[in-house]
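Colleague: everything below, folded, please.
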Amino acid sequence: MSKDNVNQSHSNAWVAQTWLSFFLSVGGMGFGIFFLPVDLWIKAYLGMGLAFSISSTVSLSKTQRDIHESQRIISKLEEAKLEKILAEHHQV
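Modeller: From the prediction side, this is the model:
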């Protein structure tokens, strides 16, 4: 069995920790913006910046994951083609 066939799922503890850290960081930043002693329009600007930062981070991580997954598929296809060529060569 090759290491590509091993299921690499995350543990429940890891998933819980990542969600908890996300909500704590966003909540803490939101709390800080809400209680910042500045005008409302400045708070809105900072909140909008926080929202855009979260959105761009999610987009970037999804894009990187998609690139990684597509490279794994291409690698598997190339490996299968090579095995087919070698099998045909050994039959001759």
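Colleague: now the helices for the protein?
Modeller: Listed from the start of the chain, the chain has helices (DSSP state H) covering 12-34, 40-91.
Colleague: could you list every helix and strand in contact with the longest one?
Modeller: The one in question is helix 40-91. The contact analysis (3 or more C-beta pairs under 8 Å, 6 or more residues apart in numbering; DSSP states H and E) places helix 40-91 against helix 12-34. The way it works is simple: take the backbone N, C-alpha and C, and place the C-beta from them, glycine included.
Colleague: quick one: pLDDT of the residue nearest the centre of the chain?
Modeller: Nearest to the geometric centre of the chain sits residue 61, at 3.7 Å (C-alpha atoms, centre = their mean). What the model reports for residue 61 is a pLDDT of 93.
Colleague: next one: the one 10 residues further on
Modeller: The model reports residue 71 with a pLDDT of 81.
Colleague: if I look at it, how far off is residue 78?
Modeller: Relative to residue 78, residue 71 is positioned 10 Å away (C-beta to C-beta, to the nearest Å).
Colleague: for residue 63, same thing?
Modeller: Computed as C-beta to C-beta, the residue 63 to residue 78 distance reads 23 Å.
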